[in-house]
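In: Requesting a structural model of the entry that follows:
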Amino acid sequence: MIITLFLTPLLIFFINTIITNNNFLPNYTGESHQKFTFNKNIQLSGGIFIIFYLSLIMFDQSNNLFLIFAFLIFFVGFFSDLRKLNSVNIRLSIQVLIIIVFLVTFELNIYPTRIFFLDNLLRYNYFNYIFLSVCILIIVNGSNFVDGLNTLNLGYFLSILIILKIINIQGNFVLYENLNFLIFSFLVIFIFNLFNKFYIGDSGAYLNGFFFSYLLINFYQNNTFISPFFIALLLWYPSFEILFSIIRKSSISLSPFKPDQSHFHQLLYFFLNKKIIKKNLTSNILAANIINIYNFIIFYIGSTKISNTELQIILIVISIITYTFFYSKLLNFRRINS
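Out: Numbers count the residues shown, from 1 in each chain. Predicted coordinates for the structure are as follows:
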């Protein structure tokens, strides 16, 4: 494992150089929402390295069955990155099928939720699978919605891993094996993304959403004394981003999955680039990490009383209010300064 720690970054650099030289996974197609792309030669290769690291971890744990489903989700995004799977409806349909079979195979559940009427319904397996399928589908695609800036997606999920490590040090929890290696893996990919060497693409975003759904559901199943709303807190941002975007776009008769330039992170980038730092890449990274630092602080506060449902709900509500308040301010700023 120590040898792997040293060799994998070199291997990533080598493989990414080959992909870049051959322009195998170009990120730029000229669409309007790609104005945040500052180097048109950057490749959508990050997802390849995420699945590579997960493969190392899963093989080490003999968890090959999960790896099959991870590869299936990865390939949905990979073919989307190749512009071979452009239909949103087809991608969603394939995702739903994969997720349902996955849930039935692994017999996953989030019972109890501490919501009385919902717990009564979740006693029935078919409702449990439907409910969890919707939740995971939201997180998988929400992860893609928060992949608009360098390090935003990777930094967000890296924050979750660090929080899990902190609470594992503080208490006696049943946690994911090889958590340290998982943190190292995401840190390596984060650094490559930070220095604009590659983007993670749909393949990486879908894979992150899927893997962290599994990771956190499994974490809750093994530690049911914690509040399920702590899991909801850890996943609030991609979940709310996609739900807010669906409402926002539907209100102006746009397809919820049609790319635009009005996500929160894009508005924050515009503000920073106009008002504070007039350097595109610097504003890009700063905007991403303002969001990630905020979320890390909220996660840490929640982790101090991990079984306290009231605290987790308060933090989720605070985050939603903070998001909507600053969204309106940032949107108004862009209208005035565009």
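In: So for I318, what pLDDT did the model give?
Out: pLDDT, I318: 98.
In: Which strand or helix spans it?
Out: helix 309-337 (DSSP states H and E).
In: Quick one: list the elements packing against that helix.
Out: If contacts are counted by 3 or more C-beta pairs under 8 Å, 6 or more residues apart in numbering; DSSP states H and E, helix 309-337 sits against helix 228-234, helix 236-250, helix 264-275, helix 280-304. Heads up, the C-betas are built off the backbone N, CA and C, glycines and all.
In: Identify the residues contacting the lowest-mean-pLDDT helix or strand in the chain?
Out: Every helix and strand of the chain was ranked by mean pLDDT, DSSP states H and E. The lowest is helix 2-21, at a mean of 84. Here helix 2-21 makes contact (C-beta atoms under 8 Å, 6 or more residues apart in numbering) with 25, 41-43, 45, 48-49, 52-53, 56, 181, 184-185, 188-189, 192, 197-198.
In: do you know how far K329 is from S262?
Out: 14 Å (C-beta to C-beta, to the nearest Å).
In: ok, the two, which is more surrounded?
Out: S262 (17 against 11; other C-beta atoms under 10 Å).
In: low-confidence ranges in the chain?
Out: Scanning the chain for pLDDT under 70 picks out the ranges 1-5, 28-40, 59-62, 171-176, 278.
In: buried sites along the helix holding I318?
Out: By 16 or more other C-beta atoms under 10 Å, the buried positions in helix 309-337 come out as 309, 311-312, 315-316, 319, 323, 327, 330-331, 333.
In: for stretch 76-85, same thing?
Out: For stretch 76-85, by 16+ other C-beta under 10 Å, it's 76-82, 85.
In: Check whether N196 sits in a helix, strand or coil.
Out: coil (DSSP: H, G, I helix; E, B strand; the rest coil).
In: That one reaches T151, doesn't it?
Out: No. N196 is beyond contact range of T151, at 9.9 Å (criterion: C-beta atoms under 8 Å).
In: Those two: which has the busier surroundings?
Out: With neighbours defined as other C-beta under 10 Å, N196 and T151 compare such that T151 has more, 24 against 15.
In: Could you tell me how many residues sit around N64?
Out: Around N64 there are 10 residues (other C-beta under 10 Å).
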